[in-house]
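Asks: Let's see this in three dimensions:
(2 chains)
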Amino acid sequence: MTTFKYILRDMWRLTINHWVLGLLTLITAGVMFWILGITTLFSLNMENLLSRLESELVVQAYLVKDNTLNVEEIAAKIQSLEYVHAMKIYSPSDSLAKLQEKMGSQSKALDMIGDNPIPYNFEIHVNAASDVEPLVSELKTMPEIEDIVYAGLVVKRINALSQISSRAALAMFILSVIITALVVYNTIHISLYSRRDEIGIMYLVGATRSYIATPFVLEGTLLALLGALAAGGGIIAVYIPAVRLIHENMPFLSSSLLSDNAVIWRFCALLAGFGATLGWVCSYLVVARFINAITRPE
Amino acid sequence: MNISFSGVSKIFEPDIAALVDVNFNIEQGEFVYVIGQTGSGKSTLLRLITRELMPSKGVVAVGGFDLRRMRSADVPYYRRDVGLVAQDFRLISSLTVYENVAFVMEAMSVPKKIVEERAKDVINQVGLWRRRNFKPAQLSGGEQQRVAIARALANSPSLFIADEPTGNLDFHTSAEVMKILFAINAAGVTVVMSTHNQNIVNSARQRVLELESGKLIRDEKGGGY
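Replies: Residues are numbered from 1 along each chain as shown, chains lettered A, B, ... in the order given. Below is the predicted model:
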């Protein structure tokens, strides 16, 4: 406990002695963690939105008009395909009723057609947008299927958007982590370098390496933690009002957004934990390397 | 604490022999001067004792323990038993006199109350208590050297290494520092001191180890410069 008090005091001295550098680190780390947090939230929301769109993607397969076909058997064959998430069978009469319902007051026009022209058909839901194309290819090989209707272009766009958004989020995440890590690393390195004589003296008069190193590691951890906390505050200040605004102006999007305040607070707590860990790892690496180099006997 | 050098050589890269086949034993409680011209190997010899350097050949043993076999994690604990005073004082410039002295005890997790008592005691011994809140830059060279001595005394070491402690001091201040070192030795502490100062060596005769070009050319009890 006594040692810990001395170490805390030394950490405080270090932070105060290099307050300008510390402040700059804190601001940079804060901005980077903010970008990291916002990017992650954007990516999570994008994923929610895309999976909602994907769950609404439907492939409609129409059978040839042939009374001898065993519909149940064909349905089982399609159901066994790996891309199929769920499937519904529509009989000609079900399909007609559905169409009439859709047309509303204009449904009387259908009476003019006479016999029901709609064959048995399947409404197939896929697991992901990327499953649509291979599913359609498989269906095309089946002679019992006459026609396939699906939103091909939409599928392609969703697929592309999904890939771009995850890649951009990953790149942003890696970039933010690298920049923050470098900033913390350099700050602690400068702090160590400016005190290299002092560190040499401390070691010479009997201070252990851990006693010398701990205040520096704590300083780096504290700066990164404060940066992450500030970023968390910034995220709450920007994200919650933004979600409220979207909810008011684009209600069709709001169900796909992370809008539970408790989740956002937990996300910010996680970001703070991540910040502290990153600060600790970077400081530990630079301190261990530096102290090893200057305390090694020649 | 006794010191023994057996066949010790120290070669610095690429091929500079700082010490060549040095052999001697120093018993607990002895006062030893290490003399010789600049570059003769005096500082190298002392830095081998503090384990700032490792011998290229031979064995340096302190308290019967071969320093080369010491784990690096144990070095700080060894150094707490070795008081060190250098010509350039090696004080921490951002700390006050009191903090410089207290620091070595704090690094050993000594409780604050004991640190305060012990620091007051050793700073009083060197006559600087009234300047305890001064930073090193606010003190004269002699005063800074006394702070370094107080710091070296704080952990009650059994070995005291002084590398030209009077090198930067005038005659009067040097005499004061020597008075303190003899008092430390009188308490049973082994003192090994390197010096250029002929007056000091000749006026208070002790054992002398003389080095020339890294070789021990004289080991004489009660010898002069």
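Asks: starting at the chain centroid, how far to stretch A:226-236?
Replies: Mean-position distance between stretch A:226-236 and its chain equals 18 Å (CA atoms, centre = their mean, to the nearest Å).
Asks: so which strand or helix has B:Val147?
Replies: Counting by DSSP states H and E, the element that carries B:Val147 is helix B:141-153.
Asks: Tell me which residues are up against the longest helix seen in chain B.
Replies: Longest helix in chain B by number of residues (criterion: DSSP state H): helix B:171-186. Residues outside helix B:171-186 that contact it (CB atoms under 8 Å, 6 or more residues apart in numbering or on different chains): B:29, B:31, B:83, B:125-126, B:140-142, B:145-146, B:149, B:153, B:160, B:162, B:165-166, B:169, B:191, B:193, B:197, B:199-200, B:204. All C-beta spots, glycine's among them, are computed from the backbone N, C-alpha and C.
Asks: Now the helix or strand that the helix holding B:Val147 is followed by - C-alpha only, PDB.
Replies: Next along the chain after helix B:141-153, taking DSSP H and E as the criterion, comes strand B:159-163. Backbone C-alpha positions of strand B:159-163 (Å, rounded to 0.1, in the frame of the first residue of the first chain) are rendered in PDB as follows:
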ATOM      1  CA  LEU B 159      29.600  -0.500   1.400                       C
ATOM      2  CA  PHE B 160      30.200   3.100   0.400                       C
ATOM      3  CA  ILE B 161      31.600   3.800  -3.100                       C
ATOM      4  CA  ALA B 162      32.800   7.400  -3.800                       C
ATOM      5  CA  ASP B 163      34.000   8.200  -7.300                       C
END
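Asks: ok, and does strand B:159-163 reach over to chain A?
Replies: No. On the criterion CB under 8 Å from any CB of the partner chain, strand B:159-163 is out of touch with chain A, staying 10.4 Å away.
Asks: residues near residue 136, how many?
Replies: No chain in the question, so chain A it is. Using other CB atoms under 10 Å in any protein chain shown, A:Val136 is surrounded by 19 other residues.
Asks: try again with chain B
Replies: 19.
Asks: list the contacts for the nearest residue to it once chain neighbours are set aside?
Replies: Leaving aside its sequence neighbours, B:Pro136 sits nearest to B:Leu91 (CB to CB, 6 or more residues apart in numbering or on different chains; 4.3 Å). Residues in contact with B:Leu91 (CB under 8 Å, 6+ apart) are A:201, B:100, B:136, B:144, B:147-148, B:151.
Asks: From what I see, B:Phe134 and B:Val97 are in contact.
Replies: Yes. Contact status for B:Phe134 versus B:Val97: in contact at 5.5 Å, counting by CB atoms under 8 Å.
Asks: out of those two, which sits in the more crowded spot?
Replies: The neighbour count for B:Phe134 versus B:Val97, taken as other CB under 10 Å, is higher for B:Val97 (28 against 16).
Asks: quick one, the longest helix of chain B and strand B:159-163 angle?
Replies: If you take axes from the mean of the first three to the mean of the last three CA atoms, to 10 degrees, helix B:171-186 sits at 160 degrees to strand B:159-163.
Asks: Can you say which helix or strand has A:Ile201 in it?
Replies: With DSSP H and E as criterion, A:Ile201 is part of helix A:196-204.
Asks: now the angle from that helix to helix B:141-153?
Replies: 40 degrees.
Asks: Where does pLDDT dip in chain A?
Replies: Within chain A, the ranges that satisfy pLDDT under 70 run A:152-153, A:155.
Asks: Write out the residues of chain A neighbouring chain B.
Replies: Contact residues, chain A versus chain B (CB under 8 Å from any CB): A:2-3, A:5-6, A:13, A:17, A:198, A:201-209, A:211, A:295-298.
Asks: I'd like to know how many residues surround residue 144.
Replies: Picking chain A for this. 17.
Asks: sorry, should have said chain B
Replies: B:Gln144, neighbours per other CB under 10 Å, totals 23.
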